[in-house]
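> requesting a structural model of the entry that follows:
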Amino acid sequence: AKPPPEIPYGIPEVPTARKSKAEVRDVNKTYRNNGQFPLLMFGYTCGKCPHCGSSNISDTSLNLTPKIIHTSSWPRFVQGLGMKCGT
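This next block holds a predicted model:
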């Protein structure tokens, strides 16, 4: 069976995720690619643990897919790092 035709509605695509922690670590930036929604990169690794106040924190893993944030206008997409308290 032949697939149905694709109708171009002009809606941007989900942004392409970054592949390595090095591209995200200590970055706060919005990437814009034609035909895709903007991707907010949030990879700060400084600061303190919100639970115990320790500054002994480290990044553990890269979020492999952009997470969607629903807003009243356009959706937003964010990619970041998992963090872990060392205490």
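> what number of residues lie near the nearest residue to residue 86 once chain neighbours are set aside?
Excluding the flanking residues, the one nearest residue 86 by C-beta to C-beta, 6 or more residues apart in numbering is residue 56, at 3.7 Å. Bear in mind the C-beta positions are built from the backbone N, C-alpha and C, glycine included. Residue 56: 11 surrounding residues under other C-beta atoms under 10 Å.
> against residue 27, how distant is the spatially closest residue to residue 55 that is not a sequence neighbour?
Nearest residue to residue 55 in three dimensions, chain neighbours excluded: residue 48, at 5.1 Å (C-beta to C-beta, 6+ apart). As judged by C-beta to C-beta, to the nearest Å, residue 48 and residue 27 stand 20 Å apart.
> which one of these two is surrounded by more residues?
residue 27 (17 against 12).
> in which helix or strand does the residue sitting nearest the centre point of the chain reside?
Centroid-nearest residue in the chain, with C-alpha atoms, centre = their mean: residue 79, separated by 1.0 Å. Per DSSP states H and E: residue 79 is located in strand 76-85.
> and the pLDDT at the residue nearest to the centre of the chain?
If you check residue 79, the pLDDT there is 95.
> neighbours of residue 6, how many?
Residue 6 has 6 nearby residues by other C-beta under 10 Å.
> with adjacent residues omitted, what lies nearest to residue 32?
Among residues not flanking residue 32 along the chain, residue 38 sits closest, at 5.0 Å (C-beta to C-beta, 6+ apart).
> mind pulling up the pLDDT for the one you found?
So, for residue 38, pLDDT stands at 94.
> ditto for residue 62
92.
> same question for residue 34.
91.
> can you get me a residue count around it?
Residue 34 has 5 neighbours, counted by other C-beta under 10 Å.
> so which residues of the chain form strands?
28-31, 39-42, 57-62, 67-69, 76-85 (DSSP state E).
> now the nearest residue to residue 31 once chain neighbours are set aside, which residues is it bridged with?
Closest residue in space to residue 31, ignoring its immediate chain neighbours: residue 39 at 4.7 Å, by C-beta to C-beta, 6+ apart. Per DSSP bridges, the residues bridged to residue 39 are residue 31, residue 77.
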